[in-house]
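Visitor: Quick one: sequence plus predicted model below, questions after.
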Amino acid sequence: MLNFKPLTPADFPRLEKYFQNQPHQLCAYSLASVIAWSNEIYQPYATLDDDILMICAEYATEYEKRHLILPMASDRQFDPQTIHKLAEKAGFAKYQFVPDDYITTYGRDRIETLFTIEEHTEYDDYIYLASDLAQLGGNRFAKKRNLIRQFERSHVETDRVQVEPMTSAVSGECIEFLEKWCETRDCEAVDSDLLCEKLAALKTIENLELMDMRGLLLRIDGAVSAFGMASHLTNEMGVLHFEKAFAEVKGLYQYFDRLCARRLFEGYTYINKESDMNEPGLKKAKRSYHPVKLVKSYTLRLK
């Protein structure tokens, strides 16, 4: 058995090299995201087996959910036979968040000799062209450009808006904004996904620079009214993990989303905006920005 230890923000600098050239397009392969989402219910662990990084998830009350993600190395990928042996060695029955590119690369027939394959649509990630979100050109984005124009007339052209990078120096203001944002959505509700997201956002704000995250905030009349935080995923793709804005300010979200695409994803071709968790409102919002593809997510269960 392998000796897994809890993952914390302090581990990021030591483990970052294993993720720099990884090819998987699911947000689960952002080290910053893995660490940020740890809480009392879910805790990520990691171990190094020679030069192979293995990451698992343990759950406080739902043992059956425990899983691995695909192993990482700085110079190679791992075939189905190898990951099967590694899972047995680690004492796990399944891999979760296996992207469709892995299934395509090794083929269903080969994989199904060792695993059962289960699709989980709630974890499919939405992928966008960075240029689409930065420009919002053409008829399909006309409504969003109209909302942006309204916000520009009411706020930007009246000098009420300031935009700046998120840094540790403004973490207190960002946390205060997050608390206000959550008050209107009952983030503290028991078993609320929003509560888990709030805790993840708080951890990210507190460790933004340590975990090499890019952050942007927008002020209206001096007060933080929107923020976004992003990280590296692949050589062509970044992930927008958190994007919050006051919904009551018309056009603010659309304006800020375009701004994030322009400021946080320089040098990237694609933006991953994570999954919709099968939540209808979130699904509608994500589809309204016209993704170029969905990255399907699978579970591989050992036979």
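Guide: Nice, I can see it.
Visitor: Residues in contact with the helix or strand containing Ala142: which ones?
Guide: Using DSSP states H and E, Ala142 maps to helix 142-151. Among residues not part of helix 142-151, those counted as contacts by C-beta atoms under 8 Å, 6 or more residues apart in numbering are 136, 249-252, 254-255, 258, 288-289. The way it works is simple: take the backbone N, C-alpha and C, and place the C-beta from them, glycine included.
Visitor: Tell me who's in contact with Asn278.
Guide: Asn278 makes contact with 121-122 under the criterion C-beta under 8 Å, 6+ apart.
Visitor: again with the one 3 residues further on
Guide: With contacts defined as C-beta under 8 Å, 6+ apart, Gly281 is in contact with no residue.
Visitor: Ranking helices and strands of this structure by mean pLDDT, which lands last?
Guide: When each helix and strand of the chain is scored by mean pLDDT, DSSP states H and E, helix 193-206 comes last, with a mean of 89.
Visitor: Please point out which parts of that helix sit buried.
Guide: For helix 193-206, a neighbour-count test (16 or more other C-beta atoms under 10 Å) marks 195-205 as buried.
Visitor: my guess is Val170 contacts Gly215, does it?
Guide: No: here Val170 lies out of contact with Gly215, judged by C-beta atoms under 8 Å, at a distance of 9.1 Å.
Visitor: who's more crowded, the two?
Guide: Set side by side, Val170 and Gly215 show unequal neighbour counts under other C-beta atoms under 10 Å, the larger going to Gly215 at 26 against 19.
Visitor: Helices along the stretch 151-300 of the chain, start to end?
Guide: When secondary structure is read from DSSP state H, counting those that start in this stretch, the stretch 151-300 of the chain shows helices at 171-183, 193-206, 252-263, 280-287.
Visitor: Alpha carbons of the third one, as CSV, please.
Guide: Provided in CSV are the C-alpha atoms of helix 252-263 (Å, rounded to 0.1, in the frame of the first residue of the first chain):
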residue,chain,number,x,y,z
LEU,A,252,-22.0,43.6,-15.0
TYR,A,253,-21.6,39.8,-15.4
GLN,A,254,-21.4,40.0,-19.2
TYR,A,255,-18.9,42.9,-19.1
PHE,A,256,-16.7,41.2,-16.5
ASP,A,257,-16.8,37.8,-18.2
ARG,A,258,-15.5,39.4,-21.4
LEU,A,259,-12.9,41.2,-19.3
CYS,A,260,-11.7,37.9,-17.7
ALA,A,261,-11.3,36.4,-21.2
ARG,A,262,-9.1,39.3,-22.3
ARG,A,263,-7.0,39.7,-19.1
